[in-house]
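In: next input, structure requested:
(chains A, B, C and D)
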There are 2 protein chains.
Amino acid sequence: MKTAKRKKLETAGWSVGDAADVLGLTPEEETYIETKLALAKKLKAVRQSHKLSQAAFAKRIHSSQSRVAKMEAGDPSVTIDLMMRSLFAVGVSPKQIGKVFSTA
Amino acid sequence: MKTAKRKKLETAGWSVGDAADVLGLTPEEETYIETKLALAKKLKAVRQSHKLSQAAFAKRIHSSQSRVAKMEAGDPSVTIDLMMRSLFAVGVSPKQIGKVFSTA
DNA sequence: TACTTTAATGTCAGATCCGACATAAATTTG
DNA sequence: CAAATTTATGTCGGATCTGACATTAAAGTA
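Out: Sure, this is the predicted structure:
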């Protein structure tokens, strides 16, 4: 099943650059996952730079610890939408997010 | 109601830069909407550059004409997620999308 | 080591989103 | 102008996402 495949891929410890070439994912799926992982990384970096636990960060963005963990893991159950809204909520600008994509 | 307010704002012909200051939206809501409108604009530009009708474009991205119209209008019922996946589906790279954000 | 804090994983009900359809409005074309 | 094409708007069932909770695993501390 496709979702399972994705999950496996995402949680298996791939670094941001290399999710691409592995299994039968379409190019757009690969790109989507890479983008998500790049945002996940940014999210974690921002949280840590504020010296917040996942629980504290969750409170800040009106979410829950478990969902923050899933965001940072690039879990299939979280959307880019939520990640971007979370970044906005802690003051990261679209321009800064743009840089994340340029790196992806 | 908040959603209605958003809809009104988005469909009232605001240009990309100035959704910000109007009604009782939180800064992150404003940023979210601005980002969405920037993506909407990009989506329309890409579609037109390919000389495709919304219907033809929809077929290309496995969606429907009505949803494409809503995407290009920045309708509250569409997410940034869908817009980005649509852009990926027609070959726009994350880097190119990054530029869109830098402009937002 | 035991204790504390933090992070990861699974699940679920309610909320939101999506494609599709119908239909109306607008635009283009002949 | 009328016909054809394209775009806009409203709605809805099914699919997906979200916050919350429970539980476990891991990391830090005394």
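In: what bits of chain A have low per-residue confidence?
Out: Along chain A, the model assigns pLDDT under 70 to residues A:1-23, A:104.
In: close to DNA strand C: what parts of it are there?
Out: Remark: the part of chain A in contact with DNA strand C comprises A:11, A:53-55, A:65-66, A:69-70, A:72-73, A:77, using Cβ under 7 Å from any atom of the strand. C-beta coordinates here come from the backbone N, C-alpha and C atoms, glycine included.
In: repeat that for 6 Å
Out: A:11, A:53-54, A:65-66, A:69-70, A:72-73 (Cβ under 6 Å from any atom of the strand).
In: which residues of chain A fall in helices?
Out: Per DSSP state H, chain A carries helices over the ranges A:2-11, A:27-49, A:54-60, A:65-73, A:80-89, A:94-103.
In: in a markdown table, list the ones you listed along with distance to residue B:30 and mean neighbour count.
Out: Formatted as a markdown table, the helices of chain A follow (distance: least, Cβ to Cβ, whole Å; neighbours: other Cβ atoms under 10 Å in any protein chain shown):
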| stretch | distance to residue B:30 | mean neighbour count |
| --- | --- | --- |
| helix A:2-11 | 31 | 14 |
| helix A:27-49 | 19 | 19 |
| helix A:54-60 | 18 | 17 |
| helix A:65-73 | 22 | 18 |
| helix A:80-89 | 9 | 22 |
| helix A:94-103 | 11 | 18 |
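In: can you redo those as a markdown table with distance to chain B?
Out: Shown next, in a markdown table, are the helices of chain A (distance: least, Cβ to the nearest Cβ, whole Å):
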| stretch | distance to chain B |
| --- | --- |
| helix A:2-11 | 13 |
| helix A:27-49 | 4 |
| helix A:54-60 | 11 |
| helix A:65-73 | 13 |
| helix A:80-89 | 4 |
| helix A:94-103 | 3 |
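In: next, format these as TSV and append distance to DNA strand D.
Out: TSV is the format used below for the helices of chain A (distance: least, Cβ to the nearest atom of the strand, whole Å):
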stretch	distance to DNA strand D
helix A:2-11	8
helix A:27-49	10
helix A:54-60	7
helix A:65-73	3
helix A:80-89	3
helix A:94-103	16
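In: could you dump the ones you listed to CSV with distance to residue B:89?
Out: What follows is the helices of chain A, written out as CSV (distance: least, Cβ to Cβ, whole Å):
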stretch, distance to residue B:89
helix A:2-11, 16
helix A:27-49, 5
helix A:54-60, 32
helix A:65-73, 24
helix A:80-89, 14
helix A:94-103, 16
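In: so which of these comes closest to residue B:26?
Out: When these are compared for distance to residue B:26 using Cβ to Cβ, the nearest one is helix A:80-89, at 8.7 Å.
In: now that closest one, how far from the centre of its chain.
Out: Distance, stretch centre to chain centre, for helix A:80-89: 9 Å (Cα atoms, centre = their mean, to the nearest Å).
In: same deal with stretch A:56-65?
Out: Distance, centroid of stretch A:56-65 to centroid of chain: 15 Å (Cα atoms, centre = their mean).
In: could you do stretch A:40-53 as well?
Out: Here the centre of stretch A:40-53 is set off from its chain's centre by 11 Å, with Cα atoms, centre = their mean.
In: please apply the same query to stretch A:75-95.
Out: Centre-to-centre, stretch A:75-95 and its host chain are 8 Å apart (Cα atoms, centre = their mean).
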